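Engineer: Output the structure for:
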Amino acid sequence: MVDYYEAVRAYPDGESTAARLALTAAEYDFDGIVVRNAPETGMFDESDRDGPNREEIAAEYGVDVVDAIEIGGEDASAASARVKGCRDERTLVLVDGSRALNRFACEEPRVDVLASPMADGDVNHVLARAAARNGVRFEFDFSGTPAERRSTSPGARRPPEASRNRHPVRRALRGERHSRKSPPGPRAARTPRSRRNDRVRPRTRRKRSCGVGPTRRAEP
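Structural biologist: Residues are numbered from 1 along each chain as shown. Reported below is the predicted structural model:
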């Protein structure tokens, strides 16, 4: 059985509070929400000191409320320090994808999710294999894709960045090589004579003999 969760940003990162988002998730039969606020804002409204905590919201609306954190920035060293500091405090640790943090997130086992790696970067087979090795998941964000491209027709309307990056990710998760060509196997050393013998010689058709001499036409 599959559990359905929705990743959200609660106030002040978002427009709605965590309680309001949990109520909406319960109305649409979601199993829970993942609150992915930035480290500076925290999970809930910092100004509302008397507001409900995560356990109270989950008990009131009957949905799971996962405390996550999303780390961004342009410095991999600063991001590494933040990941190390909040790993034991949060259930999920997400890293906002960028050219500066994509490789760091894929090579860091303490990171759970690399979010939107194509927003300001790219995904190749090297990053995909590193992520699979360290247990890092990819989150591909298609919210900015035009509505006509999100239709059910396969291939023709798929965003070009999705088609370009989904193949190395699939191959890395299956443990396959990035190259489509298979590696050459061992070849035995051959001498010039053996090479000449390997050449295909044309076959000549022999005339079949019936054991009877050549026939002559009867003279008129």
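Engineer: Next, the buried residues of the longest strand belonging to the chain.
Structural biologist: Longest strand in the chain, counting residues (DSSP state E): strand 64-71. For strand 64-71, burial by neighbour count (16 or more other CB atoms under 10 Å) applies to Asp64, Val65, Val66, Asp67, Ala68, Ile69, Glu70, Ile71. Placement of C-beta: from N, CA and C, glycine included.
Engineer: Same check on stretch 23-35?
Structural biologist: With burial defined by 16+ other CB under 10 Å, the residues of stretch 23-35 counted as buried are Thr24, Ala25, Ala26, Phe30, Gly32, Ile33, Val34, Val35.
Engineer: For that stretch, measure first residue to last.
Structural biologist: 13 Å (CA to CA, to the nearest Å).
Engineer: contacts for that stretch?
Structural biologist: Residues external to stretch 23-35 that are found in contact with it (CB atoms under 8 Å, 6 or more residues apart in numbering): 3-10, 16, 18, 21-22, 43-44, 54, 58, 61-68, 92.
Engineer: I'd like the average pLDDT over it.
Structural biologist: Averaging pLDDT along stretch 23-35 yields 96.
Engineer: re earlier: okay, and which of the contacts of stretch 23-35 map to strands?
Structural biologist: Short answer: these in strands (DSSP E) are Tyr5, Glu6, Ala7, Val8, Asp64, Val65, Val66, Asp67, Ala68, Leu92.
Engineer: Max pairwise distance over those: which two?
Structural biologist: Spatial extent of the ones in strands among the contacts of stretch 23-35 (CB to CB) is set by the pair Glu6 and Asp67 at 14.7 Å.
Engineer: Format the ones in strands among the contacts of stretch 23-35 as CSV; extra columns: distance to Met118 and pLDDT.
Structural biologist: As requested, the ones in strands among the contacts of stretch 23-35 are exported to CSV (distance: CB to CB, whole Å; pLDDT from 0 to 100):
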residue, distance to Met118, pLDDT
Tyr5, 22, 94
Glu6, 21, 93
Ala7, 17, 92
Val8, 21, 94
Asp64, 29, 96
Val65, 29, 95
Val66, 24, 94
Asp67, 27, 91
Ala68, 21, 93
Leu92, 20, 94
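Engineer: quick check, nearest of the residues you listed to Arg103?
Structural biologist: Nearest to Arg103 among the ones in strands among the contacts of stretch 23-35, with distances taken as CB to CB, is Leu92, at 20.4 Å.
Engineer: quick one: contacts for the nearest residue to the closest one once chain neighbours are set aside?
Structural biologist: Closest residue to Leu92 apart from its sequence neighbours, by CB to CB, 6 or more residues apart in numbering: Ala68 at 3.8 Å. Residues near Ala68 by CB under 8 Å, 6+ apart: Ala7, Val34, Val35, Arg36, Asn37, Arg90, Thr91, Leu92, Val93, Leu94.
Engineer: between those residues, which is nearest His125?
Structural biologist: Closest to His125, out of all of the contacts of Ala68 and judged by CB to CB, is Leu94, at 22.5 Å.
Engineer: what's the weakest-modelled helix or strand in this protein?
Structural biologist: Counting by mean pLDDT, DSSP states H and E, the chain has its least confident helix or strand at helix 192-197, which shows a mean of 52.
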